[in-house]
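A.B. asks: this one's structure only:
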């Protein structure tokens, strides 16, 4: 994602439009797209803010976060539950469909990770330490 254009450019364009210049003329004068000028002036008139809107971020996780407690309880009850099973459980119980990646991101946000067990580890050098098969809860991110 690109960075927002400078605040100085935004202020100069908005001041030019406020002084009576059309949005398209101001866009040509400052070398930006007319649609950008229209959006900036609309935002300024609606909110009074000349600052750019926040970029990125999560806008849709609230759907699955509404079921977070249930998902975490399900994982605690059945330690070997798969992402697909969690997603199908939510669809059966609540009628909402979630991709496995959405379920994974929910678990990741709640610091729920799974350690590998012996059956899933590949052959390694002799004497290699094996991790215990258990659910681990991490306190922070690295």
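C.D. replies: Perfect, thanks for sending it. Because the structure is predicted, anything quoted here is derived from the model rather than measured.
A.B. asks: when you work out contacts or count neighbours from here on, use the C-alpha atoms and nothing else.
C.D. replies: Noted.
A.B. asks: spatially central residue for the protein, please.
C.D. replies: Most central in the chain under Cα atoms, centre = their mean is residue 58, positioned 2.9 Å from the mean C-alpha point.
A.B. asks: list the buried residues for stretch 70-78?
C.D. replies: Neighbour counts over stretch 70-78 (16 or more other Cα atoms under 10 Å) mark 71, 72, 75 as buried.
A.B. asks: from residue 66, how far out is the residue lying closest to the first one once chain neighbours are set aside?
C.D. replies: In this structure, residue 71 finds its nearest non-sequential neighbour in residue 86, 7.0 Å apart by Cα to Cα, 6 or more residues apart in numbering. For residue 86, the distance to residue 66 under the criterion Cα to Cα, to the nearest Å works out to 14 Å.
A.B. asks: ok, now residue 41?
C.D. replies: Look at residue 41 and residue 66: by Cα to Cα, they are 36 Å apart.
A.B. asks: between the two, which one's more packed in?
C.D. replies: residue 41 (22 against 10; other Cα atoms under 10 Å).
A.B. asks: and the host helix or strand of that one, what other elements does it pack with?
C.D. replies: Assigned by DSSP states H and E, residue 41 belongs to helix 34-47. Judged by 3 or more Cα pairs under 8 Å, 6 or more residues apart in numbering; DSSP states H and E, the packing partners of helix 34-47 are helix 7-18, helix 23-30.
A.B. asks: got the domain ranges for this protein?
C.D. replies: Listed domain ranges for the chain are 7-47, 62-119+131-137 (source: automatic domain parsing).
A.B. asks: can you count the residues close to the residue nearest to residue 71?
C.D. replies: 21.
A.B. asks: shouldn't it be within a helix?
C.D. replies: Yes: counting by DSSP: H, G, I helix; E, B strand; the rest coil, residue 86 is found in a helix.
A.B. asks: thinking again about what came up before, which helices and strands does the helix or strand that the helix holding residue 41 is followed by pack with?
C.D. replies: Later in the chain than helix 34-47, the nearest helix or strand by DSSP H and E is helix 62-65. Packed against helix 62-65 by the contact rule (3+ Cα pairs under 8 Å, 6+ apart) you find helix 100-109.
A.B. asks: quick one: average confidence on the helix it packs on?
C.D. replies: Averaged over helix 100-109, pLDDT sits at 92.
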